[in-house]
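1. Coordinates for the following, if possible.
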Amino acid sequence: MIVWSIVKVSDTKKLALITGIAGQDGSYLAEFLLGKNYEVHGVIADYHYQDQSRLWRLKNLEGRVKLHVIDVLNFQQTENCISELNPDEIYHLASNVDPRVIFEDEINTYNINFTGTINLLRAIHKNKTNAKLYCAGSSLMFGRVTELPQNEDSSMNPTTPYGIAKVAALHFIRMYREAYGVFACMGILYNHESPRRDDRFLPRKITKAVASIKAGKQSTLELGNINIHRDWSFAGDVIESMWLMLQAEKPRDYVIGSGVLHSIEELLAVAFGAVGLDWRKFVVVNDKFFRNIDYENLCADISKAKLELNWRPRVNFEQLILTMVETDMKLLKGSCD
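-> Sure thing, here's the model as predicted:
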């Protein structure tokens, strides 16, 4: 008599590994995957281990995710991690896109945003694992745009070390797909925000300032060019597209965004309007915040993601900014109590 070992698919946990789990996207993705009964492991850098206050986005996940201190720029550490865990899915979100230093230290910026991807691809291929790899790309890969909006076939003319590194990584992903059959893909992500965003980024800088101004703790907000436009969406929506890409039958790259451009003036109007203030009375334009190269007309054509992944953003621009303002008001009130 043959005794069959039968396991229901729904009872079998997939193992997911997330690099950059301590960031905005990583924390949302970890929650999402736990909700789908994944075993979730995360890669953190040594500086997170040394200063665990940096893990604040993961506070509500303590005991539910397993963290590994790994330098993804070190191939041996990366390979050992992949070999030990044998993950079903890898989400490579670790990167450095600090807008304050995007043109500084070009070599380091390039390495951080390129080498980790290559190390993961090499580790998957070398270990002959069936792990599926998702890598986060950026609208900055398009750089100086030649068409509006941009889709997966639009020409890429990156103008920053960050954008150049991501384009190079995309070429390696496609090479590993074709040459070695690795299931690897990239989501070309446009600006996406949330209350978990760092205030180095403009929308969170604005919503935190709004809360502070409303509370009488700040009098003005200094900004650069407020006439530029961005494609903003909610990070919690974006992470679902990551998962959907790894559930597809074949690995493909997708442009992910809202598909709608909004000006910084619109953002200011919504954010200040949420607390009954006129932004024109508080915002000061300062030339020192202007960039030599800025990014205009970066707008996502998400037709392919809608058609093939059945993905679309659920939270609109106004809802996103209002939620961020509301959260920052609560955080400020809590810090003052």
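2. okay, now the domains of the chain?
-> 14-193+231-256, 202-230+261-297+316-336 (automatic domain parsing).
3. Nearest to residue 309, out of the ones you listed?
-> Comparison of these against residue 309 by CB to CB identifies domain 14-193+231-256 as nearest, at 4.4 Å. No exception for glycine: its C-beta is placed from N, CA and C like everyone else's.
4. low-scoring pLDDT stretches of the stretch 1-150 of the chain, where are they?
-> Applying pLDDT under 70 to the stretch 1-150 of the chain flags the ranges 1-12, 97-104.
5. now the strands: where do they sit in it?
-> Counting by DSSP state E, counting those that start in this stretch, the stretch 1-150 of the chain has strands at residues 15-19, 39-44, 65-69, 89-92, 132-138.
6. With distance to residue 310 as added columns, please give the domains of the chain in a markdown table.
-> A markdown table is the format used below for the domains of the chain (distance: least, CB to CB, whole Å):
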| stretch | distance to residue 310 |
| --- | --- |
| domain 14-193+231-256 | 8 |
| domain 202-230+261-297+316-336 | 19 |
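7. so of these, which one's packed in deepest?
-> domain 14-193+231-256 (a mean of 19; mean count of other CB atoms under 10 Å).
8. so what's residue 159 closest to, chain neighbours aside?
-> Excluding its sequence neighbours, the residue lying closest to residue 159 (CB to CB, 6 or more residues apart in numbering) is residue 143, at 4.2 Å.
9. again but with residue 79, I slipped
-> residue 123 (4.2 Å).
10. related to what we said a few turns ago, let's have the strands of the stretch 1-150 of the chain in JSON lines, adding distance to residue 302.
-> Output for these, formatted as JSON lines (distance: least, CB to CB, whole Å):
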{"stretch": "strand 15-19", "distance to residue 302": "23"}
{"stretch": "strand 39-44", "distance to residue 302": "27"}
{"stretch": "strand 65-69", "distance to residue 302": "29"}
{"stretch": "strand 89-92", "distance to residue 302": "20"}
{"stretch": "strand 132-138", "distance to residue 302": "14"}
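11. quick one: average confidence on stretch 160-167?
-> On average, the pLDDT along stretch 160-167 is 94.
12. Tell me which residues are up against it.
-> Applying CB atoms under 8 Å, 6 or more residues apart in numbering, the contact partners of stretch 160-167 are 95-97, 102-103, 106, 109-114, 137-138, 140-143, 156, 158, 293.
13. 7 Å instead, please
-> Defining contact as CB atoms under 7 Å, 6 or more residues apart in numbering, one finds that stretch 160-167 is touched by 97, 102-103, 106, 109-110, 113-114, 137-138, 140-141, 143, 156, 158.
14. now stretch 323-337
-> With CB under 7 Å, 6+ apart as the test, stretch 323-337 has contacts from 193, 195, 203-204, 207-208, 210-212, 214-215, 271, 274-275.
15. is it true that the residue nearest to residue 159 touches residue 157?
-> Yes. With contact defined as CB atoms under 7 Å, residue 143 reaches residue 157; the gap is 4.4 Å.
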